[in-house]
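Novice: need a 3D model of the following:
(one chain, ligands or ions: 1)
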Amino acid sequence: MQVEIGDSVLELVEGDITRQDVDAIVNAANTSLLGGGGVDGAIHRAAGPELLAECRTLGGCETGSAKITRGYRLPARHVIHAVGPVYRDGRHGEAGLLASAYRTCLELASENHLASIAFPAISTGIYGYPAEDAAHIAFRTIIDYLSEHPEVKFVRYVLYDARSFAVHARVLEQVLAA
Ligand code: AR6
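Specialist: Numbering: from 1, shown residues only. This is a model prediction of the structure:
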């Protein structure tokens with residue numbers, strides 16, 4: 001599924017974030033930036049040990065923010081390590097922190113002259129954010145950013161399985177219609 005946002009494109013695909021050949025892939029990291037399970041584990045395995053070595057120099061990252069490294073053995077030239085919120089009950093600032101994590105990734109893409117970026121569904125795995133709510137926040141934030149920042153030309157949103165893809169495709173239709 002592909003939609004045009006101004007001069008840019010937002011694409012939804014089912015796939016593996018580590019395989020994406022874009023300027024930067026986004027990691028669903030934690031505040032230590034020193035690796036973990038899920039997307040984080042898969043990215044570190046595919047990138048090789050040099051990625052962890054660079055991450056060790058960064059001093060961690062606050063929830064709702066992101067930091068950039070090289071991509072090492074990945075097809076992507078860079079990794080943007082984003083820290084989404086752990087979901088508690090939706091009343092602890094989770095929505096604002098999730099939007100901020102997406103926005104910071106996009107700002108880092110602009111600052112580093114990266115035209116294409118691929119996102120996983122941040123916080124919706126181990127961190128427990130309900131997928132549909134997270135998808136609304138993700139798409140609203142990405143679409144608002146692309147509308148004002150044509151330098152980011154291509155955003156690919158990568159879902160790991162058919163069920164998540166179907167949920168996200170439905171939410172994207174809703175956000176576009178709103
Ligand atoms: N490609 C694309 N999506 C994937 C992949 C993949 N290879 N693997 C999993 N997903 P998660 P979080 C989906 O748990 O919730 C780590 O330990 C998965 O189905 O990776 O932000 C970190 O170090 C889910 O929908 O990230 C943190 O401690 C989504 O990606 C913590 O997990 C995100 O799941 C972060 O948890």
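Novice: tell me which parts of the chain are close to the ligand?
Specialist: Contacts of the chain with the ligand, taken as Cβ under 6 Å from any ligand atom, map to 16-18, 28-30, 36-40, 42, 84, 120-127, 158, 160, 164. No exception for glycine: its C-beta is placed from N, CA and C like everyone else's.
Novice: and the residues you listed, which are buried?
Specialist: Neighbour counting over those (16 or more other Cβ atoms under 10 Å) leaves 17-18, 28-30, 36, 38-40, 42, 84, 120-125, 127, 158, 160, 164 as the buried ones.
Novice: can you show me the strands along this structure?
Specialist: All strands of the chain, identified by DSSP state E, fall at 2-5, 8-14, 24-28, 66-70, 78-82, 116-119, 154-159.
Novice: turn these into a markdown table, including mean pLDDT.
Specialist: As requested, these are exported to a markdown table (pLDDT from 0 to 100):
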| stretch | mean pLDDT |
| --- | --- |
| strand 2-5 | 97 |
| strand 8-14 | 98 |
| strand 24-28 | 98 |
| strand 66-70 | 98 |
| strand 78-82 | 99 |
| strand 116-119 | 98 |
| strand 154-159 | 98 |
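Novice: mean neighbour count, the ones you listed: which tops it?
Specialist: Of all the strands of the chain, strand 24-28 carries the top mean neighbour count, a mean of 29, counting by mean count of other Cβ atoms under 10 Å.
Novice: tell me what it is packed against?
Specialist: For strand 24-28, the elements it packs on are helix 38-47, strand 78-82, helix 94-111, strand 116-119, judged by 3 or more Cβ pairs under 8 Å, 6 or more residues apart in numbering; DSSP states H and E.
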